[in-house]
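Participant: Quick one: sequence plus predicted model below, questions after.
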Amino acid sequence: DAGVTQSPTHLIKTRGQHVTLRCSPISGHKSVSWYQQVLGQGPQFIFQYYEKEERGRGNFPDRFSARQFPNYSSELNVNALLLGDSALYLCASSLGFVSSGNTIYFGEGSWLTVV
Amino acid sequence: GESVGLHLPTLSVQEGDNSIINCAYSNSASDYFIWYKQESGKGPQFIIDIRSNMDKRQGQRVTVLLNKTVKHLSLQIAATQPGDSAVYFCAENPRGGYQKVTFGTGTKLQVIP
């Protein structure tokens, strides 16, 4: 079975531009969450979606937005890119809530470089 | 604020020896803990997890120990192999936090052949 898949794997954008990152969860998984990992640090929680509804948001500006589609795939959008947005963006999926005994699995991430 | 952190940023271990990676957490409301392995350029890979109603859980060559009294978590890797070289993160999920997982800063494990 395929794991969590993300696209694109690498991309370079210019300051002020917009970017869309995509994620397909593991088949059957209904929950998707997004994380930002800056070089040398642990991943930081951005968003969580379950059954197409936002269920949680981390401490990120409104330039960051996301959505989940009927097939449970998801998009992360970042507007007005800043140099500090350069990072590895990770998508994670699970069958349901962690509190219900479900494990979170991560994709390989999308490397975003803002120049 | 609440956080999950690690005692040692870098750990060097001889191939074949056992490795122990430690982690301290401060959120007493956390009831689910996970260890992830991250190789260079890749996403975090699930290793093992443990819930707060357990003290110990074993997997293949790995054991996680949870001491809720002192809010301490450890990952033990038996017979460490070169392929175990990576950064290891402990992470916590607070009760009611749905999918939010809070990561520590990571420990780099270097296996010496």
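Facilitator: In hand now; what should we look at?

Participant: For chain B, which residues score under the pLDDT cut-off?
Facilitator: Applying pLDDT under 70 to chain B flags the ranges B:1-8, B:96-99.

Participant: Provide a list of residues in contact with the closest residue to chain B within chain A.
Facilitator: In chain A, the residue that lies nearest chain B is A:G42 (3.2 Å; Cβ to the nearest Cβ). C-betas here are computed from N, CA, C, even on glycine. A:G42 makes contact with B:89, B:91, B:103-106, according to Cβ atoms under 8 Å, 6 or more residues apart in numbering or on different chains.

Participant: what's across from residue 88 in the sheet?
Facilitator: Using chain A. Beta-bridge partners recorded for A:L88 (DSSP bridges): A:Q37, A:W111.

Participant: actually chain B
Facilitator: When assigned by DSSP bridges, B:Y88 has beta-bridge partners B:K37, B:T107.

Participant: A:S93 now?
Facilitator: Bridge pairing for A:S93 - DSSP bridges - gives A:V32, A:Y105.

Participant: hang on, isn't it packed against A:S27?
Facilitator: No: A:S93 is beyond contact range of A:S27, at 9.6 Å (criterion: Cβ atoms under 8 Å).

Participant: Averaged pLDDT, the helix or strand harbouring A:T20. What do you get?
Facilitator: Using DSSP states H and E, A:T20 sits within strand A:19-24. The average of the pLDDT scores along strand A:19-24 is 98.

Participant: Next, name the residue at the spatial heart of chain A.
Facilitator: A:W34 (2.9 Å; Cα atoms, centre = their mean).

Participant: Pull the residues that contact the helix or strand encompassing that one.
Facilitator: Secondary-structure assignment from DSSP H and E places A:W34 in strand A:31-37. Contacts with strand A:31-37, where a contact means Cβ under 8 Å, 6+ apart, come from A:23, A:25, A:43-50, A:55-56, A:60, A:66, A:68, A:72-74, A:76, A:87-97, A:102, A:104, A:106, A:109, B:98-101.

Participant: Buried among these? Need that as a selection in ChimeraX.
Facilitator: Buried residues within the contacts of strand A:31-37, by 16 or more other Cβ atoms under 10 Å in any protein chain shown, are selected in ChimeraX with:
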select /A:23,25,43,44,45,46,47,48,49,50,55,56,60,66,68,72,73,74,76,87,88,89,90,91,92,93,94,95,97,102,104,106,109 /B:98,99,100,101
